[in-house]
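K.L.:
I would like the atomic coordinates for the input below:
(one chain, ligands or ions: 1)
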Amino acid sequence: MRTALVVLAASVVLLLGVIVGRTILHQPEAIGNVETVTIDLDEDAISRHLSEAIQIKTVSYQRQDDFQAREFEAFIDWVKKTYPEVNDAMTLTRLGGYTLLYRWEGSDPDLKPILVTGHYDVVPVIPGSEKQWQYPPFGGEIVDGVIWGRGALDDKSAVVAQLEAATYLTQSGFAPKRTVYFSFGHDEELGGPNGAAKVAEYLADQDVQLAWSLDEGSFLFDGMLPGVEELIATINVAEKGSLTLNIVAKSAGGHSSMPPRRTAVGILAEAITALEAKPVPGGLSGLSEQMFDTASRYMSFGNRMLFANRWLFDGLIENRLSDVAFSNAMLRTTTAPTMLSGSVKVNVLPIEAVATVNFRLHPRDSVERVLDHVKSIVENADVEVRLPRGSGVAASPVSSWESTGYRAVERAVRETYGEVVITPGLMIGGTDSRHYGKVADDAYRFNPMTVSQNDLTGFHGTNEKISVANLAQGTRTYVRIVSLGSME
Ligand SMILES: [Zn+2]
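P.N.:
Predicted coordinates for the structure are as follows:
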């Protein structure tokens with residue numbers, strides 16, 4: 001008996017020792033010496049330029065008839081006038097009407113070109129919400145070091161920062177080894193059919209295969225991960241796909257005064273509940289594993305302990321991550337019932353009750369796999385799963401986080417921002433990279449500006465803004481991304 005107790009106690013001590021030991025070793029990987037680079041910029045001029053860009057109302061409206069060609073022409077004129085060095089050093093091709101593709105010839109034609117890109121169209125301001133803006137949405141006002149207006153974050157700041165970076169490089173006599181393309185899309189907010197898609201088509205026609213592309217996507221996040229004080233730069237290497245399904249419950253119908261025991265609506269409700277109870281399986285593997293492994297090294301002791309001992313805590317970690325909408329979306333294909341329809345009259349039983357469910361596909365899941373998953377849960381004699389025509393876009397391929405392109409972006413961020421956490425990430429929404437990825441070995445989605453929780457309401461919302469300092473840091477990082485990326 002005593003021996004048994006001693007053995008038990010020794011095992012517990014050993015187990016604790018292993019857990020704590022592994023936790024202590026779960027430290028950020030050594031970064032090596034990256035010296036910060038000083039780049040002198042005229043911050044006043046840069047902010048004035050973004051202010052001017054915001055004042056041109058290049059709005060992408062849902063209705064094609066509302067398109068204001070004049071504003072888009074004005075923006076293109078403004079680019080040419082404001083950035084004459086870019087126009088002198090590069091050749092410009094207009095595509096799809098209003099998208100600009102600049103080509104800066106490299107000295108080594110054997111190297112694959114690179115593409116740095118952003119979009120200058122913006123979403124409309126919801127009519128009536130103007131009053132909720134602290135400064136007018138198209139005023140471009142600069143107050144106390146902050147530039148206000150639609151596009152300040154999404155994505156005119158990136159377009160301006162890229163043009164400023166290109167200007168800086170041409171003025172300093174820089175000559176790229178790889179050919180560098182810059183493209184500025186005019187319809188990203190509509191899915192990019194005439195902008196990015198046409199650029200990709202054009203490059204393919206010219207037999208251009210890019211080494212990599214860098215488009216909008218993630219940012220350097222400030223204070224978004226509890227317990228992590230450093231800025232976290234997630235360089236997104238993939239974006240999720242999308243699948244919309246109609247779940248249809250059927251019943252005989254008839255007068256509502258004499259309903260059957262189970263109505264179509266009741267059957268549909270059961271199906272949706274079952275679907276929510278059994279999410280598409282996910283987990284910490286591949287890209288998600290890489291992300292959380294990197295970030296967790298900066299977390300508090302408790303969290304580090306969990307991630308350092310996944311052999312013991314994997315179940316617990318996945319439960320916790322699945323409970324939070326944001327991290328759940330990183331781990332798996334998500335399930336979101338969004339629309340419902342039933343009868344057209346209060347006293348008529350529906351013959352069909354329909355729920356529309358939107359799935360966002362994780363790179364590990366194909367459209368067929370999710371369809372099979374849904375069918376296995378809900379399909380029976382009374383319930384049918386319908387795939388609307390044209391629905392179902394797989395996730396993008398996952399780009400490498402060991403390529404020279406990724407390394408260039410990573411190094412540029414460190415040179416500008418100093419010590420930050422950098423990890424590959426997964427894009428939850430869609431970007432123009434869906435198109436550019438077709439002509440690039442690797443497609444990255446990242447803007448080198450800082451964003452905090454506070455800023456998030458600005459995206460497609462109210463009070464969109466960026467600080468002058470933030471815009472300038474973004475510009476410096478683009479300078480380094482292009483210099484490093486075009487020379488390696
Ligand atoms: Zn955008």
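
K.L.:
any low-confidence regions in the chain?
P.N.:
For the chain, applying pLDDT under 70 flags the ranges 1.

K.L.:
what does it put close to the ion?
P.N.:
By the rule C-beta under 5 Å from the ion, the part of the chain lying against the ion is 154-155, 216. For every residue, glycine as well, the C-beta is placed using N, CA and C.

K.L.:
tell me the domain boundaries of this protein?
P.N.:
Domain ranges of the chain: 43-227+425-487, 241-386, per automatic domain parsing.

K.L.:
follow-up on the earlier one: most neighbours among the residues of the chain next to the ion, which one?
P.N.:
Within the residues of the chain next to the ion, most neighbours by other C-beta atoms under 10 Å means D155, with 27 neighbours.

K.L.:
related to what we said a few turns ago, reformat the residues of the chain next to the ion as JSON lines; add secondary structure.
P.N.:
Putting those into JSON lines (DSSP: H, G, I helix; E, B strand; the rest coil) gives the following:
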{"residue": "D154", "secondary structure": "coil"}
{"residue": "D155", "secondary structure": "coil"}
{"residue": "E216", "secondary structure": "strand"}
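
K.L.:
nearest residue to whichever residue of the stretch 201-350 of the chain sits closest to the ion other than its sequence neighbours?
P.N.:
Nearest to the ion in the stretch 201-350 of the chain, going by C-beta to the ion, is E216, at a distance of 4.9 Å. Counting by C-beta to C-beta, 6 or more residues apart in numbering, the nearest residue to E216 once its immediate chain neighbours are dropped is D155, at 4.8 Å.

K.L.:
my guess is the one you found contacts F446, does it?
P.N.:
No: look at D155 against F446 with C-beta atoms under 8 Å: they stay out of range, at 12.0 Å.

K.L.:
shared neighbours of these two, which are they?
P.N.:
E216 (C-beta atoms under 8 Å, 6 or more residues apart in numbering).

K.L.:
quick revisit: how about the residue of the stretch 201-350 of the chain closest to the ion, what does it touch?
P.N.:
118-119, 154-155, 158, 188, 431-432, 445-447.

K.L.:
narrow these to those in strands?
P.N.:
118-119, 445-447 (DSSP state E).

K.L.:
so which of those residues comes closest to V346?
P.N.:
Nearest to V346, judged by C-beta to C-beta, of the ones in strands among the contacts of E216 is H119 at 46.4 Å.

K.L.:
and the closest one, how many neighbours?
P.N.:
Neighbourhood size, H119 [other C-beta under 10 Å]: 28.

K.L.:
residue of the stretch 301-450 of the chain nearest the ion, please.
P.N.:
Closest point on the stretch 301-450 of the chain to the ion, by C-beta to the ion, is T431, at 6.8 Å.

K.L.:
now the phi/psi pair for that residue, please.
P.N.:
Backbone torsions of T431, given as degrees, to the nearest 10, read phi -140, psi 180.

K.L.:
list the contacts for it?
P.N.:
Counting by C-beta under 8 Å, 6+ apart, the residues that T431 touches are 188, 215-217, 239, 445.

K.L.:
out of the residues you listed, who's the most crowded?
P.N.:
D215 leads those on contacts (other C-beta under 10 Å) with 31 neighbours.

K.L.:
kindly export the strand or helix carrying that one (C-alpha atoms) in PDB.
P.N.:
Using DSSP states H and E, D215 maps to strand 210-222. Backbone C-alpha positions of strand 210-222 (Å, rounded to 0.1, in the frame of the first residue of the first chain) are rendered in PDB as follows:
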ATOM      1  CA  LEU A 210       4.600  36.100 -60.300                       C
ATOM      2  CA  ALA A 211       6.900  34.800 -57.500                       C
ATOM      3  CA  TRP A 212       4.400  36.300 -55.100                       C
ATOM      4  CA  SER A 213       1.700  39.000 -54.600                       C
ATOM      5  CA  LEU A 214       0.900  41.100 -51.600                       C
ATOM      6  CA  ASP A 215      -2.600  42.400 -51.200                       C
ATOM      7  CA  GLU A 216      -4.700  43.800 -48.300                       C
ATOM      8  CA  GLY A 217      -5.800  41.400 -45.600                       C
ATOM      9  CA  SER A 218      -4.500  41.300 -42.100                       C
ATOM     10  CA  PHE A 219      -2.700  44.000 -40.100                       C
ATOM     11  CA  LEU A 220      -0.400  44.400 -37.100                       C
ATOM     12  CA  PHE A 221      -2.900  43.900 -34.300                       C
ATOM     13  CA  ASP A 222      -2.500  45.800 -31.100                       C
END
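
K.L.:
starting from it, tell me which strands it pairs with and how they run.
P.N.:
In the sheet, strand 210-222 lines up against strand 114-119 (parallel), strand 232-239 (antiparallel), strand 440-452 (parallel) (DSSP bridges).

K.L.:
distance from the chain centre to it, please.
P.N.:
The chain centre lies 8 Å from the centre of strand 210-222; the measure is C-alpha atoms, centre = their mean, to the nearest Å.

K.L.:
just the buried positions in it, please.
P.N.:
Across strand 210-222, burial judged by 16 or more other C-beta atoms under 10 Å covers 210-222.

K.L.:
what of stretch 168-187?
P.N.:
For stretch 168-187, burial by neighbour count (16+ other C-beta under 10 Å) applies to 168-170, 174, 176, 178-187.

K.L.:
kindly report the same for stretch 279-296.
P.N.:
Under 16+ other C-beta under 10 Å, the buried positions of stretch 279-296 are 280, 282-284, 287-288, 290-296.

K.L.:
can you name the residue of the stretch 1-150 of the chain nearest the ion?
P.N.:
Using C-beta to the ion, the single residue of the stretch 1-150 of the chain nearest to the ion is H119, 5.7 Å away.

K.L.:
tell me how far that residue lies from R411.
P.N.:
Counting by C-beta to C-beta, to the nearest Å, the separation of H119 from R411 is 26 Å.

K.L.:
E29 too?
P.N.:
Distance from E29 to R411, by C-beta to C-beta: 15 Å.

K.L.:
so where do the strands sit in the stretch 101-250 of the chain?
P.N.:
114-119, 142-143, 146-148, 180-185, 210-222, 232-239, 241-250 (DSSP state E, counting those that start in this stretch).

K.L.:
what is the last one packed up against?
P.N.:
Going back to what we said before, that points to strand 241-250. Here strand 241-250 touches helix 264-277, strand 352-361, helix 367-378, strand 383-386, going by 3 or more C-beta pairs under 8 Å, 6 or more residues apart in numbering; DSSP states H and E.

K.L.:
give me the buried stretch members for it, please.
P.N.:
Neighbour counts over strand 241-250 (16+ other C-beta under 10 Å) mark 241-250 as buried.

K.L.:
what does it contact?
P.N.:
264-265, 267-268, 271-272, 275, 351-361, 367, 370-371, 374, 378, 382-388, 391-396, 430.

K.L.:
which among those count as buried?
P.N.:
Here, 16+ other C-beta under 10 Å leaves 264-265, 267-268, 271-272, 275, 352-357, 359-361, 367, 370-371, 374, 378, 382-385, 391-396, 430 buried among the contacts of strand 241-250.

K.L.:
which stretches of the stretch 51-200 of the chain form helices?
P.N.:
Using DSSP state H, counting those that start in this stretch, the helices of the stretch 51-200 of the chain run over 69-82, 84-89, 156-171, 196-205.

K.L.:
contacts for the third one, please.
P.N.:
Residues from elsewhere that reach helix 156-171 (C-beta under 8 Å, 6+ apart): 39, 41, 46, 49-50, 53-54, 79, 82-83, 85-86, 88-90, 102, 104, 116-120, 122, 151, 182, 184, 216, 447-449, 466, 471, 474-476, 478-479, 481-483.
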